[in-house]
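In: here is a sequence together with a model predicted from it:
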Amino acid sequence: MGNILNYTKGQGEFKNWIIEESDFDYQHLGKCESIFCQGNGYMGVRAALEEKYVGEKRNMFVAGTFNKFDEAEVTELPNLPDITNVIIYVSGIRFRMDSGVLHAYSRSLNLKTGELIRKVDWESPNGDRLELCFNRFVSVANRHIIGSKVTIKPLSGDMNISIESGIDGQVTNTGSQHFHEGEKRIYDATYMEMISKTIQSGVYAAIHASHAFEIDGKKAKVDLLPVIERRFLSNKLQLTLKKDSVFTMEKISCVHTSRDLKYESISDDIVDSLKNDGLETIRKAYELGYDALFKENKDAWAHFWREHDIKINAINDYDQLAIRFALYHLNIMTKQDDNRVGIGAKGLSGEGYKGHSFWDTEIFILPYFMFTQPKTARTLLEYRFRNLYGARLKARENGFKGAMYPWESAWIDDGEVTPKLGAADVVTGEATPILTGLIEQHISADIAYAVWEYYIATRDQEFMDNYGYEIIIQTAYFWSSRVEWNETLKRYEINDVIGPDEYKEHVNNNAYTNYLAHYNMKLAKEIIEEMPNINPELYKKLDQKLHLSNIKDEIDRVIDGLYLPKPGEDGIIPQHDTYLKLKHIDLTPYKNAEVVGTIYNDYNMEQINEMQVSKQADLVMLLYLLDDLFDKETKKKNYLFYEERTLHDSSLSKSTHCILANDLGYRDSAYEFFRSSCDIDLGQNMKSSDMGIHSAAMGGIWQCVVMGFGGVRIVGDDLYISPRLPKEWSDISFPLVWRGNPMRVTVSQDDVVVENMGKDAVSIFIYDTKTSILAGQKAGAEIKR
Ligand code: IFM
């Protein structure tokens, strides 16, 4: 079978907006279930097909509804009762595309409208031939609504069709059943209701669904047989369809949960509120019907794209499609108005990483929101503020001070939720311990780094006064207690960590961790020193709460003595104390492998730990984040050295290499890294995304375009725009918000133009020239080669 994904399906107004799965293969269900996931930040619906197949993952998640199934497991986003399953029988034969003859198949996701459409021409094993079409959207206009539609047209003769469709609460997360049985009811023979409660966290989910029917465009009255079973509720219908007639079943569903912001302060009568709101929503939505609801959703997407689309004129149309794919996913994975929820490493598109948030958010995704939707960026950082409780708890439990952020986070007060055991060890056959929750600690500095970047980009003083300063100070306090004095070398060190490179465990002085910790403490020190003059009242308030002078003393005690690994004679900065002494093996087979992680087929973690092999950008990430600390020569040497040793086995690697390569003038490599960053989910590897899309890679694609080729960077207090496009692109145009002022940056091979569409004059650097752009004005420069 050749390439299954077709990127050129969209034509006219939909050119570079549509991804098509052009053939059906039941072995590759996971890929399109994930990449065609639909959602709106509130919920995510994985694109499982309507009919069931072995190996499918039928997921619907609502952000923040975490539940722990068993004491021995960690909390996770529970799979909500399913509304996507529709069972169709054609003259007694169950419709499934892996039986009979599939004469034609096409399934496509339209990124512009958020609609998923599947068209099938199928001949059943007994010779009945019919056309089926399935449409589905998850509304961004009303975030509780899912619209779907099944259209059936008999081609070979009259046919008996029977359909079962409803709400299926028998779903699990790979076997873990998160909900109690709950209540089920059908109102007015039309509105189905299932209310169930998670077994540990006590979160209620209210699912409502309704069906409406048409034959040849006219409303049809169809007899429905209601079915209520264990964790299951459905309508059965049977009818005879004439040859060439067109039957349509619209199924509108809606989802509410007790974690919805609206119910934050309601504790009594929550079930009544959920029922009332659910019924009201479903009744209205039923009256409106699929087309009207879809139009509202399409208009909301159009509004989004008008402001947020990025235009890339490229030799390869794929580049344009890929950035839209990233923008689509970044927006459907993020609940923009709720500071109690983070972004899952797989968004809301799959069970992978259990809906938990990692440093992926602050370092890979947040820059996108900070530069385009700063309010959302603030909400995401407020989530980390609300997580301070768990971070302080973790610090205390580990014998440290201040705030030690969990490596994996879920609900605001869950604290550390990283699982303890992972995949099989190829040598011992035992489950490999997952140590990240204990010793991958750079996340505390990553969050502080992101807070400061947000502040520089927005000047949101109110955020800093209420949340941001405290995050930076508490994390710095953690580092001051975390460092260890090395009496022999007369320096402070940070020992026994995992840096970003997760192929190295229990290492001492991971350069990334040490530099970021130092940066974190330096920020806090400056803030504490300056605050009494700038805002004495705030100083007093925070001092009462945190004892600022004590924290400053602790930071002062260690900051200048903290060891920051420097380049050796050959210019290479050791990734950690012993990295440069480890053995260097031929990594070619692993680098060329189609799938990631193949080194585990030959070596276990202990052995990998002893080799010069990195999973992902680590030192290269440091050179990018703190780029003004290193000169170009050092960057070049280290980029080349570490890239050779990096397998890019994490989706958080290639985008950083793209940006660095472009900065350093390795233009072809930069473009190749960009393309392979896009391929992580969107590429033709049909096994890349089974457990969900890679959220950080979506942020990474945006960063390649805007921070990489677009040359956008914050240095000190200033915004720099120093673009260098790949030769494959003639021009690009992207939105960028700087200190509340929306701008549009247009870059060609010859020049860059920045239009200030905001209310204030902005002062930015275009390359090295400070440029003031008045409100409503443009400024530009020639491209520097
Ligand atoms: O945070 C990442 C980590 O850097 C590599 N492993 C996967 C995590 C979640 O995406």
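Out: Perfect, thanks for sending it.
In: show me the contacts for residue 49.
Out: 29, 56, 97, 118, 134 (C-beta atoms under 8 Å, 6 or more residues apart in numbering). Using the backbone N, CA and C atoms, a C-beta is placed for each residue, glycine as well.
In: closest to the ligand out of the residues you listed?
Out: Within these, the smallest distance to the ligand is 22.2 Å, found for residue 29 (C-beta to the nearest ligand atom).
In: what about the contacts of residue 49, which are in strands?
Out: 118, 134 (DSSP state E).
In: dump the contacts of residue 49 into TSV; add pLDDT as well.
Out: Below are the contacts of residue 49 laid out as TSV (pLDDT from 0 to 100):
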residue	pLDDT
29	98
56	97
97	98
118	98
134	98
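In: what is the mean pLDDT for stretch 266-275?
Out: Per-region confidence: stretch 266-275 scores 90 on mean pLDDT.
In: output it as PDB - backbone C-alpha positions only.
Out: Taking Å, rounded to 0.1, in the frame of the first residue of the first chain, the C-alpha atoms of stretch 266-275 are listed here in PDB:
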ATOM      1  CA  ILE A 266     -21.900  24.800  43.300                       C
ATOM      2  CA  SER A 267     -21.700  21.800  45.600                       C
ATOM      3  CA  ASP A 268     -25.400  21.100  46.300                       C
ATOM      4  CA  ASP A 269     -27.800  20.000  43.600                       C
ATOM      5  CA  ILE A 270     -25.000  19.700  41.100                       C
ATOM      6  CA  VAL A 271     -26.800  16.700  39.400                       C
ATOM      7  CA  ASP A 272     -29.900  18.800  39.000                       C
ATOM      8  CA  SER A 273     -28.000  21.600  37.500                       C
ATOM      9  CA  LEU A 274     -26.200  19.300  35.100                       C
ATOM     10  CA  LYS A 275     -29.400  17.700  34.100                       C
END
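In: list of residues touching it?
Out: By C-beta under 8 Å, 6+ apart, stretch 266-275 touches 193, 195, 204, 206, 256, 257, 258, 263.
In: contacting residues around the last one?
Out: In this case it means residue 263. Counted by C-beta under 8 Å, 6+ apart, residue 263 has contacts 270, 273, 274.
In: doesn't the second one belong to a helix?
Out: Pointing back at residue 273 there. Yes - assigned with DSSP: H, G, I helix; E, B strand; the rest coil, residue 273 falls within a helix.
In: near the ligand, which residues of the chain?
Out: By C-beta under 6 Å from any ligand atom, the residues of the chain that approach the ligand are 345, 353, 358, 359, 360, 500, 502, 650, 652, 696.
In: for the stretch 501-650 of the chain, give the residue positioned nearest to the ligand.
Out: Using C-beta to the nearest ligand atom, the closest approach of the stretch 501-650 of the chain to the ligand is made by residue 650 at 4.1 Å.
In: part of a helix, is residue 161?
Out: No - counting by three-state DSSP, residue 161 is located in no helix; its state is strand.
In: quick one on the thing from earlier: so which of the contacts of residue 263 wins on neighbours?
Out: residue 274 (24 neighbours; other C-beta atoms under 10 Å).
In: which parts of stretch 389-403 count as buried, going by neighbours?
Out: 390, 391, 392, 393, 394, 395, 400, 401, 402, 403 (16 or more other C-beta atoms under 10 Å).
In: turn those residues into JSON lines, columns for secondary structure.
Out: Shown next, in JSON lines, are the buried residues of stretch 389-403 (three-state DSSP):
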{"residue": "390", "secondary structure": "helix"}
{"residue": "391", "secondary structure": "helix"}
{"residue": "392", "secondary structure": "helix"}
{"residue": "393", "secondary structure": "helix"}
{"residue": "394", "secondary structure": "helix"}
{"residue": "395", "secondary structure": "helix"}
{"residue": "400", "secondary structure": "coil"}
{"residue": "401", "secondary structure": "coil"}
{"residue": "402", "secondary structure": "coil"}
{"residue": "403", "secondary structure": "coil"}
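In: so where's this protein shaky on pLDDT?
Out: Applying pLDDT under 70 to the chain flags residues 1.
In: make it 80
Out: 1, 267 (pLDDT under 80).
In: with adjacent residues omitted, what lies nearest to the residue nearest the centre of it?
Out: For the chain, residue 695 is the residue whose C-alpha lies nearest the centre (C-alpha atoms, centre = their mean; 2.7 Å). Of all residues not flanking residue 695 in the chain, residue 347 sits nearest, at 4.8 Å (C-beta to C-beta, 6 or more residues apart in numbering).
In: now for the closest residue to residue 5 other than its chain neighbours, how many residues are close by?
Out: Distance criterion C-beta to C-beta, 6+ apart; nearest residue to residue 5, sequence neighbours excluded, is residue 684 at 5.8 Å. Neighbourhood size, residue 684 [other C-beta under 10 Å]: 13.
In: kindly report the same for residue 590.
Out: With other C-beta under 10 Å as criterion, residue 590 counts 20.
In: for it, helix, strand, or coil?
Out: Going by three-state DSSP: residue 590 is helix.
In: with adjacent residues omitted, what lies nearest to it?
Out: Nearest non-adjacent residue to residue 590, counting by C-beta to C-beta, 6+ apart: residue 599, 4.8 Å away.
In: tell me if that neighbour really is in a helix.
Out: Yes - going by three-state DSSP, the assignment for residue 599 places it inside a helix.
In: is it in contact with residue 647, as I believe?
Out: Yes - with contacts counted by C-beta atoms under 8 Å, residue 599 reaches residue 647, the gap being 6.4 Å.
In: where do the contact lists of those two overlap?
Out: With C-beta under 8 Å, 6+ apart as the test, residue 599 and residue 647 both reach 503, 587, 590, 613.
In: what is the burial count for the first one?
Out: Other residues lying near residue 503 total 24 when counted by other C-beta under 10 Å.
In: ok so, going back, any figure for the gap between the residue nearest to the centre of the chain and residue 330?
Out: 8 Å (C-beta to C-beta, to the nearest Å).
In: please apply the same query to residue 738.
Out: Residue 738 is 19 Å from residue 330, by C-beta to C-beta.
In: swap in residue 61?
Out: 16 Å.
In: tell me how many other residues crowd residue 386.
Out: Residues near residue 386, counting by other C-beta under 10 Å: 17.
In: tell me the gap between stretch 329-346 and the middle of its chain.
Out: 7 Å (C-alpha atoms, centre = their mean, to the nearest Å).
In: distance between the ends of that stretch?
Out: 10 Å (C-alpha to C-alpha, to the nearest Å).
In: equivalent analysis for stretch 737-754, please.
Out: The stretch stretch 737-754 measures 11 Å between its terminal residues, going by C-alpha to C-alpha.
In: so which bits of that stretch are buried?
Out: For stretch 737-754, a neighbour-count test (16+ other C-beta under 10 Å) marks 737, 738, 739, 741, 743, 744, 745, 746, 747, 748, 752, 754 as buried.
In: farthest pair in those?
Out: Taking C-beta to C-beta as the measure, the buried residues of stretch 737-754 reach their widest spread between 739 and 748, a distance of 26.0 Å.
In: for the ligand, what's its nearest residue on the stretch 651-785 of the chain.
Out: Closest point on the stretch 651-785 of the chain to the ligand, by C-beta to the nearest ligand atom, is residue 652, at 4.8 Å.
In: follow-up on the earlier one: out of residue 61 and residue 330, which sits in the more crowded spot?
Out: More neighbours surround residue 61 than the other of residue 61 and residue 330, with 28 against 24 (other C-beta under 10 Å).
In: could you verify that that one is part of a strand?
Out: Yes - assigned with three-state DSSP, residue 61 falls within a strand.
In: among the residues of the chain next to the ligand, which are in helices?
Out: Using DSSP state H, the subset of these located in helices is residue 696.
In: and the residues of the chain next to the ligand as a markdown table, adding neighbour count?
Out: Below are these laid out as a markdown table (neighbours: other C-beta atoms under 10 Å):
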| residue | neighbour count |
| --- | --- |
| 345 | 27 |
| 353 | 22 |
| 358 | 25 |
| 359 | 24 |
| 360 | 28 |
| 500 | 29 |
| 502 | 20 |
| 650 | 23 |
| 652 | 27 |
| 696 | 25 |
